[in-house]
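Trainee: I'll drop the sequence and a predicted model, then ask my questions.
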Amino acid sequence: MSAVSETIVREYFELHGFLVRQQRKYIAQARREDEEIDFFVMNPLARDREIPLPFILSSAELPLISRAVVVVKGWHTETFSLAVLSNAPEIFRFSEPAVFKRATEAFGEDGTLTKILVIPALPQTEESRLQSIELLRAKGIDAVIPFRTILSDLIAKTETNRNYQKSDLLQIIRVLKNYDLFKEPQMELFKPTRKRKKRTRS
């Protein structure tokens, strides 16, 4: 599942014009701290940021990011609640000074380096969501991107009349869209409801 999740995230950043470098392709027998980072991403067309980034990123904010380290947590059955975060310290290992210093060396010293965590979801209730965000910030995370945001964007931007031979993921999305297997939530909201026929008494 981790490889699939990473492929989805890579496609997402590339779709938005980022250059993506994977930390390494192989799996080491003894996992080192710097292996907690999945991607280094750089946006050659980044815009100047005049206001702080929101903590929960949407695709609209990506042009404001120039360089980032990205960690993908594709636990698609988990919500990143306070309990989950408190019992999984490995989530934050990439933001530790020693690991982050190596990432900075890979990019060079100039410019801001954003620490982004890709997560399945945050809690639904506002209180629980704020608690999770507070803990993530305290651990040095700059921003999160939910998988729903990434998947929705990939689906929306994949065109049925293009042949994505160089991307299995986009090609699969294209085929599924071609057979109308994706619902369009925006359209569903505004569909008129069927009027019930009045029964006539015989």
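Mentor: Sure, I can see it. Residues are numbered from 1 along each chain as shown.

Trainee: is it true that residue 21 lies in a strand?
Mentor: Yes. Under DSSP: H, G, I helix; E, B strand; the rest coil, residue 21 sits within a strand.

Trainee: my read: it touches residue 39, true?
Mentor: Yes. Using C-beta atoms under 8 Å, residue 21 makes contact with residue 39 at a distance of 6.7 Å. For glycine as for every other residue, the C-beta is placed from the backbone atoms N, C-alpha and C.

Trainee: would you list the phi and psi of residue 67?
Mentor: phi -140, psi 150 (degrees, to the nearest 10).

Trainee: hmm, it is touching residue 39, no?
Mentor: No. In this structure, residue 67 is not within contact of residue 39 by C-beta under 8 Å, at 11.2 Å.

Trainee: for the host helix or strand of residue 172, buried residues please.
Mentor: Taking DSSP states H and E as the definition, one finds residue 172 inside helix 168-178. Neighbour-count burial for helix 168-178 flags 169-170, 173-174, 177 (criterion: 16 or more other C-beta atoms under 10 Å).

Trainee: any chance of these in a markdown table, plus pLDDT and distance to residue 14?
Mentor: Formatted as a markdown table, these follow (pLDDT from 0 to 100; distance: C-beta to C-beta, whole Å):
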| residue | pLDDT | distance to residue 14 |
| --- | --- | --- |
| 169 | 96 | 11 |
| 170 | 96 | 10 |
| 173 | 95 | 14 |
| 174 | 95 | 16 |
| 177 | 93 | 19 |
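
Trainee: now render the residues you listed as CSV, adding distance to residue 158.
Mentor: CSV is the format used below for the buried residues of helix 168-178 (distance: C-beta to C-beta, whole Å):
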residue, distance to residue 158
169, 9
170, 5
173, 4
174, 5
177, 6
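
Trainee: chain center to the helix holding residue 172, what's the gap?
Mentor: Distance of helix 168-178 from its chain centroid, counting by C-alpha atoms, centre = their mean, to the nearest Å, is 19 Å.

Trainee: list the contacts of that helix.
Mentor: 7-8, 11, 154-155, 158-160, 162-165, 182 (C-beta atoms under 8 Å, 6 or more residues apart in numbering).

Trainee: much appreciated, bye for now.
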